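1. return atomic coordinates for the entry below.
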Amino acid sequence: MKEQLTAAGLSYLRHAFTCAAVLYMSGITDPKVLANAFIAGLVGPLLKAIAPNEKQFGINSTFTTKKGK
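-> As a prediction, this is how the structure comes out:
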């Protein structure tokens with residue numbers, strides 16, 4: 001279970017960081033805007049997490065790592 005939470009958390013952080021990085025690379029350097037982009041980047045993965053039919057990281061997921069099996 002810990003491996004699943006770590007994998008999901010890293011996936012969410014990668015997505016949020018990418019959203020903020022895209023704005024920064026386009027020349028937007030306002031910290032408030034970048035923070036909002038980071039938070040907005042978490043919305044998509046969090047919606048994925050609460051979807052009951054999501055097989056990888058959803059509420060009813062059966063995700064297992066190679067270590068576990």
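
2. residue closest to the middle of the protein?
-> residue 12 (1.2 Å; C-alpha atoms, centre = their mean).

3. once you drop chain neighbours, what's closest to that one?
-> residue 45 (4.1 Å; C-beta to C-beta, 6 or more residues apart in numbering). Backbone N, C-alpha and C define where each C-beta goes, glycine included.

4. contact partners for that neighbour?
-> Residue 45 makes contacts with 8, 11-12, 15-16, 57, as judged by C-beta atoms under 8 Å, 6 or more residues apart in numbering.

5. show me how far the strand or helix carrying it is from its chain's centre.
-> Element membership for residue 45 (DSSP states H and E) is helix 31-50. On the basis of C-alpha atoms, centre = their mean, to the nearest Å, helix 31-50 sits 8 Å off its chain's mean C-alpha point.

6. can you give me the buried ones in it?
-> 34, 37-38, 41, 45, 48-49 (16 or more other C-beta atoms under 10 Å).

7. and these as a markdown table, adding distance to residue 3?
-> Shown next, in a markdown table, are the buried residues of helix 31-50 (distance: C-beta to C-beta, whole Å):
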| residue | distance to residue 3 |
| --- | --- |
| 34 | 30 |
| 37 | 29 |
| 38 | 25 |
| 41 | 23 |
| 45 | 17 |
| 48 | 18 |
| 49 | 16 |
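
8. between those, which is closest to residue 24?
-> Set against residue 24, the nearest of those by C-beta to C-beta is residue 34 (6.1 Å).

9. what sits against the closest one?
-> 20, 23-24, 28.

10. and with 7 Å instead?
-> 20, 23-24 (C-beta atoms under 7 Å, 6 or more residues apart in numbering).

11. thinking again about what came up before, of all pairs in the contacts of residue 45, which one is the farthest apart?
-> 16 and 57 (14.6 Å).
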